[in-house]
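Trainee: sequence first, then the predicted structure:
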Amino acid sequence: MKQIKDNTIPIDPDKAWNTLYSRLEKDRLLPGESDNVSYRKRKMPLLRIAVAAAVCIGIIFSVFYFQYKDGKPITLQNKEKSGTLVVTLDDGSTVYLAPDASISYPTVFAANQRKVELNGNALFCVTKDEKRPFVVETSEKITIEVVGTVFAVQSTPGLPFELSVKEGKVNVHTKDNQTVVPVEAGEIVRLHAGAPGKFEITNPAVFSRFTDKICFKDEKLNNIIGAINGIHGYPIIIAEKSLDDRTLTVTFENNSVETMTELICLALNLEYINKQDTIFIGGGVSKVR
């Protein structure tokens, strides 16, 4: 992709289309071979429509399950066999649900506590709020309490409970609620037969395995960019506030920040500018200086 004056980077539709086309072909979401040739020959307006439709409708059609009735907490389950389902909660915290995992949470947290229920494995990036502790209750009745931190939980039935802390500090309450195990950044706690043991984290994949393939379902653009920024060190800015609530359904698998930005912009008919190692997304990003 060539860079032009003022570091404005136009979207390369061929590159973005080929990236998405390869993924759809791999997942057998394309029609027969006789039709494939015509796909490659389509002009830009039709490419935009096709990409937007594929991104917004077909990529993770069966990845989630919602249940929400009569004001009760939402239950969200990742039914995909691979890939992490990403959801942003009311307080701005981000949860990466592993396959087959589920989480229950209120649409709006209480004034004194942010409580969720987890079944399975997940990575949490919790927004700091000292007045409202963030509490996770697992299916084994183990309670996790934090203020603001990044941690991964293994809570799969039949396997030992594990919690690994990347940032901050976490308190783990065993199900008898009499033992509290403080876990700090770089540490992992494992419960075996009810007895806790703490170790140093030696495998960074305990966190990265949640972010190699990430899926979003009807998620706000602001939340998608927030999740990408949290993984890659905040390289993207939405230049126009009016775009924050645009929604998108999309899956990214081991993609670069630039490729993810291209696919987002192509699907939502936006453009982006790269200035001083920061990417600005907008409908009229040429105004950014």
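Mentor: Arrived safely, thanks for sending.

Trainee: in the stretch 151-289 of the chain, where is pLDDT below threshold?
Mentor: Along the stretch 151-289 of the chain, segments meeting pLDDT under 70 span 177, 194, 284-289.

Trainee: do that again at 90, thanks
Mentor: 156-160, 174-180, 191-197, 204, 233-234, 254, 276-277, 283-289 (pLDDT under 90).

Trainee: let me see the ranges of the strands in it.
Mentor: Ranges of strands in the stretch 151-289 of the chain, per DSSP state E, counting those that start in this stretch, are 161-167, 169-173, 180-184, 187-192, 195-200, 213-220, 236-238, 247-253, 271-275, 278-282.

Trainee: can you redo these as CSV with distance to V135 and mean neighbour count?
Mentor: No exception for glycine: its C-beta is placed from N, CA and C like everyone else's. Compiled in CSV, the strands of the stretch 151-289 of the chain are given as follows (distance: least, CB to CB, whole Å; neighbours: other CB atoms under 10 Å):
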stretch, distance to V135, mean neighbour count
strand 161-167, 13, 21
strand 169-173, 9, 20
strand 180-184, 13, 15
strand 187-192, 17, 17
strand 195-200, 18, 12
strand 213-220, 24, 19
strand 236-238, 31, 19
strand 247-253, 29, 19
strand 271-275, 38, 19
strand 278-282, 34, 19
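
Trainee: can I get those in JSON lines with distance to A152?
Mentor: Listed next are the strands of the stretch 151-289 of the chain as JSON lines, based on distance: least, CB to CB, whole Å:
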{"stretch": "strand 161-167", "distance to A152": "5"}
{"stretch": "strand 169-173", "distance to A152": "10"}
{"stretch": "strand 180-184", "distance to A152": "11"}
{"stretch": "strand 187-192", "distance to A152": "9"}
{"stretch": "strand 195-200", "distance to A152": "14"}
{"stretch": "strand 213-220", "distance to A152": "14"}
{"stretch": "strand 236-238", "distance to A152": "24"}
{"stretch": "strand 247-253", "distance to A152": "19"}
{"stretch": "strand 271-275", "distance to A152": "31"}
{"stretch": "strand 278-282", "distance to A152": "28"}
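
Trainee: measure stretch 264-275 end to end?
Mentor: One end of stretch 264-275 to the other measures 18 Å (CA to CA, to the nearest Å).

Trainee: and what of stretch 211-227?
Mentor: 10 Å.

Trainee: for T174, give me phi and psi.
Mentor: Backbone torsions for T174, taken as degrees, to the nearest 10, come to phi -70, psi 170.

Trainee: show the pLDDT at the nearest residue to D91 once chain neighbours are set aside.
Mentor: Spatial nearest neighbour of D91, excluding adjacent residues (CB to CB, 6 or more residues apart in numbering): T127 at 5.1 Å. pLDDT, T127: 94.

Trainee: T127 and G92 touch, don't they?
Mentor: Yes: assessed by CB atoms under 8 Å, T127 is found in contact with G92 at 4.3 Å.

Trainee: more neighbours: the two, which one.
Mentor: T127 (17 against 14; other CB atoms under 10 Å).

Trainee: which ones are touching that one?
Mentor: 91-93, 148 (CB atoms under 8 Å, 6 or more residues apart in numbering).

Trainee: now swap in D129 and tell me
Mentor: 91, 114, 147-148.

Trainee: which of these are buried, as a ChimeraX select command?
Mentor: Selection of buried members from the contacts of D129 for ChimeraX, criterion 16 or more other CB atoms under 10 Å:
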select :114,147,148
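
Trainee: among the contacts of D129, which pair sits farthest apart?
Mentor: D91 and V147 (11.5 Å; CB to CB).

Trainee: who is the closest residue to E145 other than its chain neighbours paired with across the strands?
Mentor: Nearest non-adjacent residue to E145, counting by CB to CB, 6+ apart: N171, 4.7 Å away. N171 forms beta bridges with E145, P182, as assigned by DSSP bridges.
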